[in-house]
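Trainee: Fold the following and give me the result.
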Amino acid sequence: MAATAAAMAVASPPSSLSPTSSDSSPSNSPSSSPPVILSPCAACKILRRRCVEKCVLAPYFPPTDPLKFTIAHRVFGASNIIKLLQDLPEDQRADAVNSMVYEANARLRDPVYGCAGAICQLQKQISELQAELAKAQAEIMNMQCQNSNLFEIICKQMGTVQHDQEENLPPPALPCYENPSFFFDEGVMGVAWEPLWT
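Mentor: I've put the predicted structure just below:
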């Protein structure tokens, strides 16, 4: 009996060494939930700095569009962009970022004039189109005047022709009862003339 109890004690490991159900459950282990990794914005990624929670550049330069910040940073610089955004209210920052990106694109295409060159070109196109529009309107007015004059001429000619036709009409024919032979035509009367006294 003593040997059997000793054999069972050797076969069963101590309770302190056996894993418990609470240790094996993944719900209570601290490594079960994946850590939340926040992707830095495109500006912080390009500048190689840590993107803080209240980064002023994060709402306007998402990590999916790094070219947007690259273009603006190349022309204005990161410090100027940050300073400009901090000086503006939040409802105007998005428009300011879009304006800076547009100006930077124009400056890269035309280093001398930048956005002013594009504006001058558009103003020139507007002036040319306005001149063409005025020319087309003048031609339309001229054609309308010609059509009205032609209509008046046609109406006058039609009135003259109608007047001439009325003057050249032959006189109306006399009625048949005014012909003297009508009264003496027996075929017309249908009966022969009889003497009034026998």
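Trainee: What segments of this structure are helices?
Mentor: For the chain, the helices defined by DSSP state H occupy 2-11, 21-24, 42-47, 66-75, 78-87, 90-109, 115-167, 186-189.
Trainee: how about TSV for those, with mean neighbour count and distance to Cys55 added?
Mentor: For every residue, glycine as well, the C-beta is placed using N, CA and C. Shown next, in TSV, are the helices of the chain (neighbours: other CB atoms under 10 Å; distance: least, CB to CB, whole Å):
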stretch	mean neighbour count	distance to Cys55
helix 2-11	8	62
helix 21-24	8	40
helix 42-47	19	6
helix 66-75	18	12
helix 78-87	14	10
helix 90-109	15	13
helix 115-167	10	27
helix 186-189	9	123
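Trainee: could you dump these to CSV with mean pLDDT and distance to Leu57?
Mentor: Compiled in CSV, the helices of the chain are given as follows (pLDDT from 0 to 100; distance: least, CB to CB, whole Å):
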stretch, mean pLDDT, distance to Leu57
helix 2-11, 45, 66
helix 21-24, 42, 45
helix 42-47, 88, 4
helix 66-75, 90, 7
helix 78-87, 91, 7
helix 90-109, 91, 9
helix 115-167, 88, 22
helix 186-189, 51, 120
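Trainee: wait, which of those helices is closest to Val56?
Mentor: Val56 lies closest to helix 78-87 among those, at 5.2 Å (CB to CB).
Trainee: tilt between the closest one and helix 90-109?
Mentor: Here the directions of helix 78-87 and helix 90-109 differ by 150 degrees (axes from the mean of the first three to the mean of the last three CA atoms, to 10 degrees).
Trainee: Distance of Pro63 relative to Glu152?
Mentor: Distance of Pro63 to Glu152, computed by CB to CB, to the nearest Å: 75 Å.
Trainee: and what of Ser79?
Mentor: 76 Å.
Trainee: Would you mind writing the CA trace of stretch 72-79 as CSV?
Mentor: Only the C-alpha atoms of stretch 72-79 are listed here, as CSV (Å, rounded to 0.1, in the frame of the first residue of the first chain):
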residue,chain,number,x,y,z
ALA,A,72,3.8,71.8,-50.8
HIS,A,73,7.0,71.1,-48.7
ARG,A,74,9.2,71.5,-51.7
VAL,A,75,8.0,75.1,-52.3
PHE,A,76,6.9,76.4,-48.9
GLY,A,77,8.7,74.3,-46.4
ALA,A,78,7.3,72.4,-43.5
SER,A,79,7.8,75.1,-40.9
